[in-house]
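**Q** Need the 3D shape of this:
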Amino acid sequence: MSSIGNGYGLWSLVAVNSLVFIIFAFSFFKPTTKRDWRTLGGFSAFIVALFAEMYGFPLTIYLMSGWLQTRFPQTNLFSHDSGHIWWMLTGRQGNPHLALPHILSLVIIFGGFYLLATAWHVLYEAQRNRRLATTGPYAKIRHPQYVGFVLVMFGFLLQWPTLVTLVMFPLLVFMYVRLAIHEERESDARFGQAWRDYATHTPRFVPRLSRGDTVHIQ
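**A** Numbering: from 1, shown residues only. Next up, the predicted model:
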């Protein structure tokens, strides 16, 4: 394992980067209920698993090294740049950080965090006034915060996929869908017809491309 070391084994970076993104998400999401903590907990596990391979030990590259070495014999598989697997699999040369997948991943990640931040402010005001959140991102989709978390994770998968995070991603999406459905049942019980009118006009996760009427409930 002596060849594994160029850009890896940096466990302090694993801890620092994990904490930065988890605290970043916490500051935007501000969990208060058990459901909120489950949402943040799943996201946090994904982030730790990601950075553990990005800066700690490249488990995915190690497990795939035999197959990758036959396809890319001239490539140093355990250099840090090789962790950008999408870039390597296309046989591209140069700095992967300047490539379209990496740039696109950053746009998606920051877009996800922006959605988390804007959604939280709308939700906070709605909860404080004991009414439905139906403005801002909530005018387009019913669960912008869950979508924000999924966008951030998808952005990281586009940038640095690993076997562990590829397995975790669909499981976390499934968990968020379950949590969203449970949340909707609570909203239905609490707000009744007002919630049903809002849900009829507002998609759950994917906004409509065409502009339609949106219900604004005071």
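
**Q** Convert the helix-or-strand element of the chain with minimal mean pLDDT to PDB, retaining C-alpha atoms only.
**A** In the chain, the helix or strand scored least confidently by mean pLDDT, DSSP states H and E is helix 85-89, which has a mean of 77. Only the C-alpha atoms of helix 85-89 are listed here, as PDB (Å, rounded to 0.1, in the frame of the first residue of the first chain):
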ATOM      1  CA  ILE A  85     -13.400   8.700 -12.200                       C
ATOM      2  CA  TRP A  86     -15.700  10.200 -14.900                       C
ATOM      3  CA  TRP A  87     -12.800  12.200 -16.200                       C
ATOM      4  CA  MET A  88     -10.500   9.200 -16.200                       C
ATOM      5  CA  LEU A  89     -13.000   6.800 -17.800                       C
END
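
**Q** and that helix, what other elements does it pack with?
**A** helix 59-71, helix 100-128 (3 or more Cβ pairs under 8 Å, 6 or more residues apart in numbering; DSSP states H and E). From N, CA and C alone the C-beta is placed, and that goes for glycine too.

**Q** deepest of those helices, which one?
**A** helix 100-128 (a mean of 16; mean count of other Cβ atoms under 10 Å).

**Q** Can you name the secondary structure element that comes next after that helix?
**A** Next helix or strand after helix 100-128 toward the C-terminus (DSSP states H and E): helix 144-159.
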